[in-house]
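Colleague: When you get a sec, could you give me coordinates for this:
(2 chains)
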Amino acid sequence: MRCPRPIIESAKLLSSMAIGGAITLLSDDPATWIDLKAWARMTSNEVAQISGSEFLITKKS
Amino acid sequence: MAAGLLVDLFERGWRDPTKIHNQSAELAILLNGAKENLAKFLKISASEIEILSDLNLGFHLAISGLLQPNSILIQSAIDRKDIFAIARSHQNSGGKVQVLECDLSGAVDYSNIKPSAENVVIWQSTNRETGVKQLSNGSISGPNLSSAKIFADMTSASSVAELPENWSTALWDATSWGGPKGIAILAIRQNANWINPLPHIDHARASNEFSIPLFLASVVALENSDKEFEVNSVKAAQLNIKVREFVTANIADADIAGSFANCDPRKLSISFLYVHAEELLRKLEMAGFLVDSGSACSAADLAPSHVLAAMEVLTHGNIRLTFKPGITDATINEFLAVLKSEIALARLE
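Modeller: Okay, here's the model as predicted:
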C-alpha cells in the first residue's frame, strides 16, 4: 500500500494497544521512514528503522 | 500591466537590436535601458548581467562555471533538483560534493565548511516549496566563507531580497516577481573566477538567445512588484498568519513547514496527518481552490518532496499555498472552511 496508508493502518492498530505496546511495519513506500519520524514527533510516540523496509513502532502516549 | 505591454512588445520586438537600421537601434536602446533598470533593482552592475530563456541552463552556467576539478561543491539538502543534477555530474567527473543538512525550521548549517578558494558554496535565498529564507546579514554565516566562491540561488526570492556580500554568481527567475516564464537573469560578478563551461569561441558568457518582449515585460513586472511590494507583502503576511492560526486552532495533526518569522509570507506549506494529498487537492479544486502539493501521492514520480524530507516535516497530506496579490480575506475564509471540512471527511474514511 502507498502513502499514507501504512501510517494510517499502523496508527489504527496502535490506538487499541496499551502504552509500551509495539508493532512491526513492513513497507517499501519511499516516504514511509520519513513520515514515520514526523508522525512520531507529532504524536509523541517512538519509531526505529530495523532494516530498509522494516520499522518498529512503539506506543508512548 | 506587464501582460498588456507584452502584446505591444511582441509587435515591436521582431527586429534584431544588433543591426544598424534605425528601428533596430531603437530596440537596442530600449534593451540597454531595461538592463540598466534591472541592474538597479537587483543592486548589481549591468555589465554583470546575462539574460537567458532557460532557467536550468542558468543553474549550469552559474555553478559549473565556478567549478574546478578539485572543487568541493557544497550544497544543501533543500536545494533545487537542478543543483542536485549538477552535483551528480561533478561527482561523475571525479569531483567531491558535500551536502549540508538543515534543521526542522529549514535553516542550513554552514558552519562545517572547509575554507578553500576552489570550493563552491550554494546559498539559497528562499526555498521555492516552503518559503523558508536563509539568513544573509550581508554574508553567509559560517567561518572562512569569504575564501569560497558563492552561487546565490535567488530564483524564488522576493524582489527586495538581497544578495550575500560575497557572491560570485547569482540567478533569478522572473516569475518570482510576477514576470513571465521563460526569462532567467544570470549575474557573474566582475573578477569572479568563472569560466564558461559550454563550448565557446569568443568571450561570450551566454548565447544571448532570449525573447526580447518577454525580457522587457519581466523588467516592467519587476518595477511593478517593487512599487507594490510593501502593500502586497503586508497583505500576504496577514493572510499567511490567518491560515497558520486557523490550522493550529482548528485542524489537529497538522505540520507547518518553517515558522512565520523565517519564511517568505507569500508561501506556506502544511502537511496533514492521515490525509491523501491527491484526493484533498481534487476536493479543493472542486470547491474552486487550486493548490499545489509536495506529497509523493500527488507527484508524477511518486517521490516525496526532498525539501520536506530534509526538514523531517511530514511529507504526506501536503498542500502548498501561494498568496498572490489580489487574494482577499473572504477567499481565504472560504478556503479554510472547505479545508477543515474536507480533512475531517478524509480522516473518517
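Colleague: Okay, helices next: where are they in the chain?
Modeller: Defaulting to chain A. Ranges of helices in chain A, per DSSP state H, are A:5-15, A:32-43.
Colleague: wait, chain B
Modeller: Secondary structure of chain B (DSSP H): helices at B:2-12, B:22-42, B:55-64, B:81-92, B:212-227, B:229-250, B:277-286, B:306-311, B:329-348.
Colleague: which one of those has the lowest average pLDDT?
Modeller: The stretch with the lowest mean pLDDT among the helices of chain B is helix B:2-12, at a mean of 66.
Colleague: how about the residues of chain B near chain A?
Modeller: With the criterion set to C-beta under 8 Å from any C-beta of the partner chain, chain B comes near chain A through B:253, B:255, B:271, B:273-276, B:295-297, B:302-304, B:308-309, B:312-317. For the C-beta atoms, the positions are set from N, CA and C on the backbone; glycine is no exception.
Colleague: hmm, try it at 10 Å
Modeller: Contact residues (C-beta under 10 Å from any C-beta of the partner chain) of chain B with chain A: B:104, B:252-255, B:271-277, B:295-297, B:299, B:302-306, B:308-317, B:346-347, B:349.
Colleague: Please identify the buried residues of the helix or strand bottoming out on mean pLDDT in chain A?
Modeller: None of the helices or strands of chain A scores lower by mean pLDDT, DSSP states H and E than helix A:5-15, at a mean of 91. The neighbour-count check on helix A:5-15 (16 or more other C-beta atoms under 10 Å in any protein chain shown) flags A:5-8, A:10-11, A:14 as buried.
Colleague: B:Ile49 versus B:Ala25, what's the distance?
Modeller: 21 Å (C-beta to C-beta, to the nearest Å).
Colleague: about what we covered before: show me the contact partners of the least confident helix or strand of chain A.
Modeller: The contact list for helix A:5-15 (C-beta atoms under 10 Å, 6 or more residues apart in numbering or on different chains) reads A:1, A:4, A:21-29, A:31-32, A:35-36, A:38-39, A:43, A:45, A:47, A:55, A:57-60, B:253, B:273-276, B:297, B:314, B:316-317, B:347, B:349.
Colleague: List only buried entries from those residues.
Modeller: By 16+ other C-beta under 10 Å, the contacts of helix A:5-15 give A:4, A:25, A:27, A:29, A:31-32, A:35-36, A:38-39, A:45, A:47, A:55, A:57-59, B:253, B:273-276, B:297, B:314, B:316-317, B:347 as buried.
Colleague: if we can go back for a sec, looking at B:Ala25 and B:Ile49, which is more packed in?
Modeller: B:Ile49 (20 against 14; other C-beta atoms under 10 Å in any protein chain shown).
Colleague: what sits against the more buried one?
Modeller: B:35-36, B:38-39, B:42, B:170, B:172, B:185-188, B:205-206.
Colleague: out of these, which are buried?
Modeller: For the contacts of B:Ile49, buried by 16+ other C-beta under 10 Å: B:35, B:38-39, B:42, B:170, B:172, B:185-188, B:205-206.
Colleague: so does stretch A:42-51 get close to chain B?
Modeller: Yes. Residues of stretch A:42-51 contacting chain B under C-beta under 10 Å from any C-beta: A:42-43.
Colleague: Could you tell me the end-to-end distance of that stretch?
Modeller: Stretch A:42-51 has an end-to-end distance of 23 Å (criterion: C-alpha to C-alpha, to the nearest Å).
Colleague: in that stretch, what's buried?
Modeller: A:42, A:45, A:47.
Colleague: which one of the residues you listed is nearest chain B?
Modeller: A:Met42 (6.0 Å; C-beta to the nearest C-beta).
Colleague: Distance of B:Gly258 relative to chain A?
Modeller: 14 Å (C-beta to the nearest C-beta, to the nearest Å).
Colleague: what's residue 39 in contact with, if anything?
Modeller: No chain was given, so I picked chain A. Counted by C-beta under 10 Å, 6+ apart, A:Trp39 has contacts A:4, A:7-8, A:10-11, A:32, A:45, A:47, A:57, B:253, B:255, B:273-274, B:314, B:316.
Colleague: actually chain B
Modeller: Residues near B:Ala39 by C-beta under 10 Å, 6+ apart: B:45-49, B:185, B:187.
Colleague: export these to JSON lines and tack on pLDDT?
Modeller: Shown next, in JSON lines, are those (pLDDT from 0 to 100):
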{"residue": "B:Ser45", "pLDDT": "96"}
{"residue": "B:Ala46", "pLDDT": "95"}
{"residue": "B:Ser47", "pLDDT": "95"}
{"residue": "B:Glu48", "pLDDT": "96"}
{"residue": "B:Ile49", "pLDDT": "96"}
{"residue": "B:Ile185", "pLDDT": "97"}
{"residue": "B:Ala187", "pLDDT": "97"}
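Colleague: What separation do you get for A:Ile7 and B:Ser89?
Modeller: Distance from A:Ile7 to B:Ser89, by C-beta to C-beta: 35 Å.
Colleague: got it, and B:Gly288?
Modeller: 43 Å.
Colleague: out of these two, which sits in the busier spot?
Modeller: B:Ser89 (15 against 10).
Colleague: My guess is that one contacts B:Phe59. True?
Modeller: No. The criterion here is C-beta atoms under 10 Å, and B:Ser89 misses it with B:Phe59 at 11.2 Å.
Colleague: check contacts around the nearest residue to B:His90 once chain neighbours are set aside.
Modeller: With C-beta to C-beta, 6 or more residues apart in numbering or on different chains as the criterion, B:His90 has its nearest non-adjacent residue at 5.1 Å, and that residue is B:Leu73. By C-beta under 10 Å, 6+ apart, B:Leu73 lies in contact with B:63-64, B:66-67, B:83, B:86-87, B:89-91, B:95-99, B:119-122, B:151.
Colleague: Can you give me the pLDDT of B:Leu73?
Modeller: 96.
Colleague: Quickly list what it is bridged to.
Modeller: B:Val97, B:Val120 (DSSP bridges).
Colleague: Next, count neighbours for A:Arg41.
Modeller: Residues near A:Arg41, counting by other C-beta under 10 Å: 15.
Colleague: residues in contact with the residue of the stretch 101-250 of chain B found nearest chain A?
Modeller: Closest to chain A within the stretch 101-250 of chain B is B:Leu104: 8.4 Å, counting by C-beta to the nearest C-beta. Residues in contact with B:Leu104, defined by C-beta under 10 Å, 6+ apart, are A:38, A:41, B:255, B:257-259, B:311-313.
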